[in-house]
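*Asks:* sequence plus predicted model, see below.
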Amino acid sequence: MIRHLLAIAAFMLGLTWAGSAAAQLTVQRSPTAINPALGQVIRGTSATTFSIATDGTVTRTSGNAIRLSSAPVTPITITVICQLDILCNLRQVRVTVTITGSSGVADISNLRISSPYGLLYYIAPASSGSTITFDAYPLGLNLGATFKLGMDVLVPASGPTGYGTYSYTVTAVLL
């Protein structure tokens, strides 16, 4: 009888451990609309890059297109949440942001992230580029961490008008 109880206890412990090994990290993006929206842009004769800072400030860094508004845009806020799982207290988190394409009138040419807030603290700072990867300290049980996403947007010369949709992925995994 004791053998059977020990076998059942070991099986249940194995199930609990297997569930913990598959900890759920969720990634949320806000706002979910087409953002950051540059607004109306008068196309130039050369390709133009607009740099969108993590605080929403927009600066033309090259080219001769003209953005009709000088107002900041709404930057993207990314939140990583670790669901109730003991591994959230123990394991570091690796976050990767990658450009995956675009549709419409503009392309992302570079990504950068803000200093984190909430409970997300870098182990190593992230640099800018087409792919950004950084490791962070454990998040804790059912807690989240947030950072803002900035980018360089390339508007082609004499291109079409309209809105662009910027495509990128954000993944988070426990190490």
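*Replies:* On my side now, so go ahead.
*Asks:* what packs against the helix or strand where Phe147 lies?
*Replies:* Element membership for Phe147 (DSSP states H and E) is strand 144-155. For strand 144-155, the packing partners by 3 or more CB pairs under 8 Å, 6 or more residues apart in numbering; DSSP states H and E come out as strand 48-52, strand 76-82, strand 107-113, strand 117-118, strand 165-174. From N, CA and C alone the C-beta is placed, and that goes for glycine too.
*Asks:* partners of that strand, with directions?
*Replies:* Using DSSP bridges, the strands paired with strand 144-155 are strand 48-52 (antiparallel), strand 76-82 (antiparallel), strand 107-113 (antiparallel), strand 117-118 (antiparallel).
*Asks:* out of those, nearest to Ile132?
*Replies:* Counting by CB to CB, Ile132 lies closest to strand 107-113 out of these; the figure is 5.4 Å.
*Asks:* that older thread, export the helices and strands packed on strand 144-155 to JSON lines and tack on distance to Gly140 and mean pLDDT?
*Replies:* Formatted as JSON lines, those follow (distance: least, CB to CB, whole Å; pLDDT from 0 to 100):
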{"stretch": "strand 48-52", "distance to Gly140": "31", "mean pLDDT": "94"}
{"stretch": "strand 76-82", "distance to Gly140": "7", "mean pLDDT": "89"}
{"stretch": "strand 107-113", "distance to Gly140": "20", "mean pLDDT": "90"}
{"stretch": "strand 117-118", "distance to Gly140": "10", "mean pLDDT": "61"}
{"stretch": "strand 165-174", "distance to Gly140": "12", "mean pLDDT": "86"}
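*Asks:* any chance of those in CSV with mean neighbour count and distance to Ile99 as columns?
*Replies:* Shown next, in CSV, are the helices and strands packed on strand 144-155 (neighbours: other CB atoms under 10 Å; distance: least, CB to CB, whole Å):
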stretch, mean neighbour count, distance to Ile99
strand 48-52, 21, 14
strand 76-82, 21, 13
strand 107-113, 20, 5
strand 117-118, 13, 24
strand 165-174, 16, 5
